[in-house]
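>>> Here is the input, now give the coordinates:
(one chain, ligands or ions: 1)
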Amino acid sequence: MEFDTALRTTEFDAFYTFNPARLMRSTRAFVEGFPGSVLYAVKANPLPQVISTVRTAGVAGFDVASIGEALLVQAEAPGARSWFMNPAKSRRDIERAWRELGLRDFVIDCAAELDKLIEVLPTGESSLRVHVRFHSGASDALYDLNSKFGASHEETLRLLQRVAVQTAWSCGLAFHPGSQTISIEPYLTAMQTAARLIEQADARVASLDIGGGFPARYDNMPMPPPSALLRQLGEFVASSATLKRVELLCEPGRVLAYDCMSLFARVILRKDQALYCGAGIFGGLLPAQQFFQLPVRAWRGGEAIDATAGGQREFVVFGPTCDSNDRLAFPYALPDHLREGDWIEFQHVGAYSESVRCAFNGFSVDHLVTLDDHEAG
Ligand SMILES: Cc1ncc(COP(=O)(O)O)c(C=O)c1O
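Numbers count the residues shown, from 1 in each chain. From the prediction side, this is the model:
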């Protein structure tokens, strides 16, 4: 469907747009700036066209958390390599990953998960690599993942030693400071820890995966572009004799995908300063339920409404469902004259929107418009 047709339709009250050129640009810039190999974290946005675009843009492979994601990569990017970087996997999925899908990279953060790998995978197979994920320390991430995963430093050394003694596999280290980490310090601190662990380990550590978590721009968080952060990472690695010797990996999702999609939601009801829209938290605005204020723009009659003409006011924005949680966390400044039938474009919903949305209450966003680069957003 054409963008113009979607804006003029009366058939549905919400649709997504996807801008592949923008995804290509941000992925290329990140791949060029990162001092190692970039794996795309499929969980951020598993749309087939996102997977194929980031591959064309030069990612070295894919971070998958499940067999479902690995199958998706196999289908959409045949021949691409996937890393199974979820520290909690069922035996059945470990077996399928290796035997059916040929995955060779796994992550663990405890002895029980290593026991499973040793029982299920061939211990004499030297092409396998096990990454031990350690607790990365204090983080300013909005979603701190260390509360769920990450071995203590002592346990990390024990696990590395067990891999070296009990198998022919190679070893790596991994950490993840959490999603939307807003400063460089948690990365640098964890990389310092990694260097110490590599020096202390009784096993040769061949790689370090510094996770994802690189920050995206939202209206309440005007983060600088990733280039400055990547430069600092590069300088840090170059200054460490230990880190310079290992293969460096990262697994970004959000920072690559966030600005390649918008969600257009029609105003279906206006009650004074409250707007009820054709899609809300369940339709894909979950990131805006709590932490993020999304950039927005209003559209009428196929055109964006000039935000500088006429007055603006702050609106409370609700989705269409009966759930009172279906409400955006921040007030949104939009034209005062906004009315039923107008569209609100919620920008920067390329990450953790498509992947987590659902059709609660029967409201399903079924249309996706692929844009030419100049068309919107
Ligand atoms: C293991 C792992 N890798 C990568 C990511 C991607 O993180 P982000 O989208 O913040 O870059 C996540 C996010 O939850 C993760 O759990």
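>>> Spatially central residue for the protein, please.
Centroid-nearest residue in the chain: Gly253, 2.7 Å away (criterion: CA atoms, centre = their mean).
>>> now it: how far from Met24?
Taking CB to CB, to the nearest Å as the measure, Gly253 falls 16 Å from Met24. Yep, even glycine has a C-beta here, placed from its N, CA and C like the rest.
>>> Can you pull the residues of the protein lying near the ligand?
When proximity is defined as CB under 6 Å from any ligand atom, the chain approaches the ligand at 41, 43-44, 63, 85, 145, 176, 179, 211-214, 251-255, 351.
>>> Just the buried residues out of those residues, in ChimeraX syntax.
Per 16 or more other CB atoms under 10 Å, the buried members of the residues of the chain next to the ligand correspond to this ChimeraX selection:
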select :41,43,44,63,85,145,176,179,211,212,213,214,251,252,253,254,255,351
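>>> Give me the subset of the residues of the chain next to the ligand lying in helices.
Secondary structure defined by DSSP state H assigns 254-255 of the residues of the chain next to the ligand to helices.
>>> Could you tell me which of the residues of the chain next to the ligand belong to strands?
The strands, defined by DSSP state E, take in 41, 63 from the residues of the chain next to the ligand.
>>> Let me know the pLDDT of the nearest residue to Leu47 once chain neighbours are set aside.
In space, and not counting its chain neighbours, Leu47 is closest to Glu354: 5.7 Å by CB to CB, 6 or more residues apart in numbering. Predicted confidence (pLDDT) for Glu354: 93.
>>> What helix or strand is Glu354 located in?
Of the helices and strands defined by DSSP states H and E, none includes Glu354.
>>> What of Val365?
Val365 belongs to no helix or strand, assigned by DSSP H and E.
>>> Would you mind measuring the gap between the ends of stretch 30-43?
18 Å (CA to CA, to the nearest Å).
>>> go on, stretch 125-141?
Its start and end residues considered, stretch 125-141 measures 37 Å (CA to CA).
>>> Pull out the buried residues from it.
Neighbour-count burial for stretch 125-141 flags 128-137, 139, 141 (criterion: 16+ other CB under 10 Å).
>>> Any idea how far that stretch is from the middle of the chain?
Stretch 125-141 sits 17 Å away from the centroid of its parent chain (CA atoms, centre = their mean, to the nearest Å).
>>> doesn't Phe15 fall inside a strand?
Yes - counting by DSSP: H, G, I helix; E, B strand; the rest coil, Phe15 is part of a strand.
>>> For the ligand, see how far away Pro222 is.
Distance, Pro222 to the ligand, by CB to the nearest ligand atom, to the nearest Å: 18 Å.
>>> i'd like the first residue to be 33 from this point on
Okay, using 33 as the starting number, the last item reads as Pro254.
>>> what about that residue, how many neighbours?
7 (other CB atoms under 10 Å).
>>> Name all residues that make contact with it.
With contacts taken as CB atoms under 8 Å, 6 or more residues apart in numbering, Pro254 has no neighbouring residues.
>>> same question, the one 4 residues further on
For Pro258, the contacting residues are 61-62, 65, 246-247, 287, by CB under 8 Å, 6+ apart.
>>> Please state the backbone phi and psi of the residue of the chain found nearest the ligand?
The chain approaches the ligand most closely through Gly244 (2.5 Å), counting by CB to the nearest ligand atom. Main-chain dihedrals, Gly244, degrees, to the nearest 10: phi -110, psi -140.
>>> Next, the contact list for it, please.
Residues counted as contacts of Gly244 (CB under 8 Å, 6+ apart) are 73, 76, 95, 208, 211, 282-287.
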